[in-house]
Structure formats: C-alpha cells, structure tokens
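Asker: have a look at this fold, sequence not included:
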C-alpha cells in the first residue's frame, strides 16, 4: 500500500524521461504512415477505462481500412494492414501515442490492457465478474500481455482475466519492474523464464480473490 501513492509519480517521471525519444520516433512514424497510405497518422477507438468508463484511446494507424467500416478483429496476415502497420504491430510502436493517456491519468504504463468497446460488451456478458479487471486504470502493457501475448478468443480472454486480477491483487514495485523488463525483452526478442509467474497465476483463485 505504501507503493501505490508513489506509483503515479514514478510512471510520470518515466514518461517524461522517455518523451524526447518517443516524440522524435513518433514524428518519423507519422511521416511514414502518411507517405504509405491516405488518411491521418492516428487512429482513435473507444475503450473501457477504470470502472468500465469509456475513453477515446489513441494509437498510430496501422490499417488502410476506413474507420467507418463495421468493427472486425485483426487477424494474422490481415489484408488491411499496411507495411508500416505490420512493423508497428510487431514492435508495438503503434502504442507510443498512449504515453499521453498516462500523463492525463486515463491509462497507466502497466495494467490490464483495455479491449475495444465492442469486445468489452461481449466479454462482460460471457465472463463472470469480467469488470474486476477494470478496478484499476488500464495499462499500455501488462502481466497478461507479456505472459500470453495477443489473444482474441473468448477462452483466451478468460485466461487473460485471470492474469489481470492476479496483477491487481499483487501490484508491487518488484512485479511492475519485472513486467517492464519482460516488455522490453519481448521487443528485443529476448526469451525470459515464465514458469514461476505462470505457476503463481495458476494457483491464484481469481473468482475468490478478484478486487
């Protein structure tokens, strides 16, 4: 509990330190997006924040499809992805604009990753106590992301929910530092041991201990 009041200060300091490099990289990415395909460099999508309150999350645009098309999940080798978009998704650099959300308090560096609102409505109906993962501010990266990777199935979301509620119940400087390291390691292609984390999450009863 002593860590939580300082957590916000620490993450703002980390974002401010990263901002000069992120700003230059963001400008280069925005230029590359505009040169490859028509449309703005940014993509805005409504997602659930803390306590399920909707907010407009910003990412770099990775697709050529119009934002007015009906919602469709991105699949492997999706024809809508641009070349720059594929690279950004592989490196997760399309998330750079969300550093702004950390400064505004709508997101955190680490926390449960918010899903599109269309999926949120579906998962809330299908997964018991799904909103327990929205007890805290959503994150750019999280324990579920570094442990499971990208999932877009109902069963995968149930498993991700377990990781999310475990994280909320065990937030600490050590766990946050490990998630940041695991995120960087994944970006660099470095394999890290997950056995201990997977075992702890498997032993955690989310239905009894969810926030």
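Answerer: Structure received. Predicted model only: the values in this text are computed from it and were never measured.
Asker: ok, now which ones touch residue 98?
Answerer: Residues counted as contacts of residue 98 (CB atoms under 8 Å, 6 or more residues apart in numbering) are 57, 58, 59, 107, 140. Yep, even glycine has a C-beta here, placed from its N, CA and C like the rest.
Asker: now a ChimeraX select for only the buried ones of the residues you listed.
Answerer: A single ChimeraX command suffices to select whichever of the contacts of residue 98 are buried according to 16 or more other CB atoms under 10 Å:
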select :57,58,59,107,140
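Asker: the helix ranked longest in the chain: what's the following helix or strand?
Answerer: With DSSP state H applied, the helix covering the greatest number of residues in the chain is identified as helix 4-36. Using DSSP states H and E, the helix or strand that directly follows helix 4-36 along the chain is strand 42-48.
Asker: give the other helices and strands that the following helix or strand past that next one contacts.
Answerer: Sequence-wise, the next helix or strand downstream of strand 42-48 (DSSP H and E) is strand 54-60. On a contact count with 3 or more CB pairs under 8 Å, 6 or more residues apart in numbering; DSSP states H and E, strand 54-60 meets helix 4-36, strand 42-48, helix 99-104.
Asker: just the contacts of residue 98 now: which is nearest residue 174?
Answerer: Of all those, residue 140 has the smallest distance to residue 174: 19.3 Å, by CB to CB.
Asker: OK, contacts around that closest one?
Answerer: Contact criterion CB under 8 Å, 6+ apart gives 95, 98, 99, 101, 102, 107, 108, 109, 110, 113 as the residues in contact with residue 140.
Asker: I figured the first one was touching residue 58, is that so?
Answerer: Right, residue 95. No: with contact defined as CB atoms under 8 Å, residue 95 does not count as touching residue 58 (9.5 Å).
Asker: what's the separation between residue 129 and residue 64?
Answerer: The span separating residue 129 from residue 64 equals 38 Å under the rule CB to CB, to the nearest Å.
Asker: sorry, wrong one. I was asking about residue 85.
Answerer: Distance of residue 85 to residue 64, given as CB to CB: 8 Å.
Asker: which one of these two has more residues nearby?
Answerer: Neighbour totals were compared for residue 85 and residue 64, and residue 85 leads with 23 against 14 (other CB atoms under 10 Å).
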